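Q: take this sequence and fold it.
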Amino acid sequence: QPDYALGFERSTGEAGMPLYGRKAKFTDMITLNSRGLQGNGGLEYLTTKLSSKSLVFMPDSTLGRADTLTNIASTAPTKVPEVHGSDLFVRLEPAKDVLHSEKLRSPMIMYGAQASLHGSTDLTPKGMTGAGLVDFGNATLTSQLYSFETMRIHADTSNFRLTEGDTASIAFRTDNVNSTVKLDERVGEFVSNGDETKVEFPVNQYFCYMDRFKWFMDQGDIELESDRTAAAANEDLQLSGSNFISSRPDQDSLSFMAPKARYDLKKHLITANEVQYIQVADALITPDSMRVRIRRNAEMDPLTNALVTANFVTKYHKIYGATINIKAKRQYSGSGAIDYVDENKKSFKIDLKNINVDTAYQTYAVGSIPKEQDFQLSPAFDFFGNVKLIASIKELTFNGSTRIQHGCNGLARNWMSFSGEIDPLEVFIPVADTLYDDQGALIGAGIYLTDEDPFSVYGTFLSRTKEEKDKKIITAKGLLFYDKGRKEYMISNKDKIRQRELPGDLVSLAVENCVILSDGRVDLGVDLGRVTVSNVGAMRFETEEAKASGSVVMMADFHFHDNALERMATELLAYPEQKQLDITKTYYEKMLREVLGLERSDKLISELSIKGEIKRLPDEIVKPIVLGDVKLNWNGPEQSWLSEGEIGIATILKKPIYRYVKGKVHLERKRSGDILTIYLALDDQTYYFFQYTRNYLYAYSSDATFNTMLSELKDDKRVLDAKKDEPAYQYIIGTKRKVDDFRERFGL
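A: Alright, predicted model coming up:
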């Protein structure tokens, strides 16, 4: 041989030469030299034919570099695919009955160019196996062990990648899956090895955990499935975790559960199906079709006709028909509607134009109710305005105007502006100190006295006042409520509305007879300088007849001669056969509660009921004269308050009286100065008279001793000097003429 070795060269001829007990056949030139027994030609093994210029034949194997290799597809006796390769390393091991082929430069082309293998194959009588990376053009599969069949690839353990179009960017990625690619059906099927497999969508910036998925090779779609099912929105959220999770940093691991999904490679669109809800901030958001679409960069399509449950703990609010944009785990916005269901189960739709999340990651929503919607908080209250929903608060907050229902001709039905939470099953509407209607005009709730001559009394109940300066005789604030049993609108604090005898001011409108009723502290609207008249009781205004009346406990506080008052008390008690004042039939107990509070007043009321008197009067009710029962009417022609019937005297200074006497109390509104007159008569010849006008208090009695005590008092004892914002004051003895004029005026 050219290398000086003893050897030979010979041709096998066209018939070829069998190798290894006819397991293989070689055709063409065989050479023996110092490099061994070599072949330059073709090698056939089972379904494979290869050509090589440098095969080396050894007793137990043949190896070398194949220039070309072809495996003919077969379905019997074994299933093997079509394979074409060039520049391969090959090794035939007859003892193992295996032909090993391995890529050197170019991949092996398989399945009619449907796939290429960057790796190796092993052909045996049982079939073909392999390892490496299988490239499908827009997808790759890697495994340490494949089974290559006629039109099928299988791997128990593999990693799968789906690329973005013609680029190398990965759009879909998963590892450790059992894979079967059916080239004839153009479908790949993948099953997780273990509980679930992590699947990544880099373009979408999402990943998920799935049990299996199916790749539709021509469409570029992937169907994914999980054996888990999402907990319904009314179940414990811990029963099922999320399996779709955003990897976009600013979305804070936004996640949800979807047992099924589909990935569209062309559109880079994840369509997650059977999504029961997405938890965002404090809400559960349920897609209408239970479908969620996610595009590039984790952008989720807006959800239409969705249901928002807020919050997911209390589940107070159900927002339906919602269009929702989910931006992150704690951020979403949108619009929708909620139903307000009143006490009669009647539903009113509220459009929520803005649904959002506050800085505490709490859902809130705002909406508006137009006047033409004819919305009602209850059958007793119309409403229009704005509405706010806060997820953690069961009641909605209404900020707008309400109007009550009545047919009173003497009382306008104005709207009242307010803001507050409303319980539809028990509507209490906040009433502020100062009330305005929807036009910004002042309205009132109570009984008023005009500030301009001619003076008159009028009533309002959420209707406009005449003038801003008009005096409030009695008004109320707190809450507006409609009592269906009494057919009465009431304004007061909630406790008093439910228990009328409690302290506090209350104003009500009885809709059947159109009467404004009130009880509490009463200001009769007169300015008496240094004389203070405090009243507690009940007032009434009949809107149809414009008639005002009331019954009060009147506490007159003024600078006076204590000894003279004590003399007066003694004479009153000494007079025989007087009618007793039964405080349980007056507002005296109410006065005690208003002035002293519940705890102290209850003790005194108990003492009074047992002993008939209060042994030691509290300082707050020690006044010169306390009238325990005065019935008043507004006298239009006289422009004054005038008492009617007998007058109950409760106490004089610290002295308990509790007797009825004849007499008259008169409070006049006059441009020249208001006048107070108290006339108390035991009979026609025995009386006490007090009249205040223009900083002077005149006092006179049928009791000469009383008059003498006043006349002999030094002037400096009678006078109070003027102070800042307070006029001077002086009490002096009156005249019988004043008494007679008053008695004649009122027929006493």
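Q: what's the local residue count around residue 478?
A: By other Cβ atoms under 10 Å, 21 other residues sit near residue 478. Every residue, glycine included, has its C-beta placed from N, CA and C.
Q: contacting residues for it?
A: 430, 431, 491, 492, 493, 494, 496, 504 (Cβ atoms under 8 Å, 6 or more residues apart in numbering).
Q: who is the third one paired with across the strands?
A: Yep, that's residue 491 we're talking about. residue 480, residue 507 (DSSP bridges).
Q: start at 44 instead
A: Taking 44 as the first residue, the last one we looked at is residue 534.
Q: and the gap between it and residue 680?
A: Remark: distance between residue 534 and residue 680 (Cβ to Cβ, to the nearest Å) = 31 Å.
Q: more neighbours: those two, which one.
A: When residue 534 and residue 680 are compared for neighbours, residue 534 comes out ahead with 26 against 6, by other Cβ under 10 Å.
Q: how close does the more buried one sit to residue 585?
A: Counting by Cβ to Cβ - residue 534 and residue 585 are separated by 18 Å.
Q: please apply the same query to residue 688.
A: Distance, residue 688 to residue 585, by Cβ to Cβ: 19 Å.
Q: one more: residue 324?
A: 56 Å.
Q: looking at the two, which is more packed in?
A: Neighbour totals were compared for residue 324 and residue 585, and residue 324 leads with 22 against 15 (other Cβ under 10 Å).
Q: wait, residue 775 sits on residue 741?
A: Yes: in terms of Cβ atoms under 8 Å, residue 775 counts as a neighbour of residue 741; the distance is 6.2 Å.
Q: who has more neighbours out of the two?
A: Of the pair residue 775 and residue 741, residue 741 is the one with more neighbours under other Cβ under 10 Å, namely 19 against 15.
Q: okay, now the unreliable bits of the stretch 44-193 of the chain?
A: Within the stretch 44-193 of the chain, the stretches with pLDDT under 70 are 44.
Q: at 90 what do you get?
A: The model of the stretch 44-193 of the chain has pLDDT under 90 over residues 44-52, 56-58, 64-65, 75-80, 119-120, 180-181.
Q: can you map out the helices along the stretch 644-791 of the chain?
A: Assigned by DSSP state H, counting those that start in this stretch, the stretch 644-791 of the chain shows helices spanning 747-754, 758-761, 779-788.
Q: related to what we said a few turns ago, which among the contacts of residue 521 count as buried?
A: 474, 534, 535, 536, 539, 547 (16 or more other Cβ atoms under 10 Å).
Q: ok, of those, which one's closest to residue 356?
A: Nearest to residue 356 among those: residue 536, at 31.3 Å, using Cβ to Cβ.
Q: what pLDDT is listed against the residue nearest to that closest one when sequence neighbours are not counted?
A: In this structure, residue 536 finds its nearest non-sequential neighbour in residue 521, 4.2 Å apart by Cβ to Cβ, 6 or more residues apart in numbering. Looking at residue 521, its pLDDT stands at 97.
Q: same thing with the one 3 residues further on?
A: As summarised for this prediction, residue 524 has a pLDDT of 98.
Q: what helix or strand is residue 377 on?
A: Using DSSP states H and E, residue 377 maps to strand 374-384.
Q: list the helices and strands that strand packs on?
A: Strand 374-384 is packed against strand 346-353, strand 360-371, strand 390-400, strand 406-412, with contacts defined by 3 or more Cβ pairs under 8 Å, 6 or more residues apart in numbering; DSSP states H and E.
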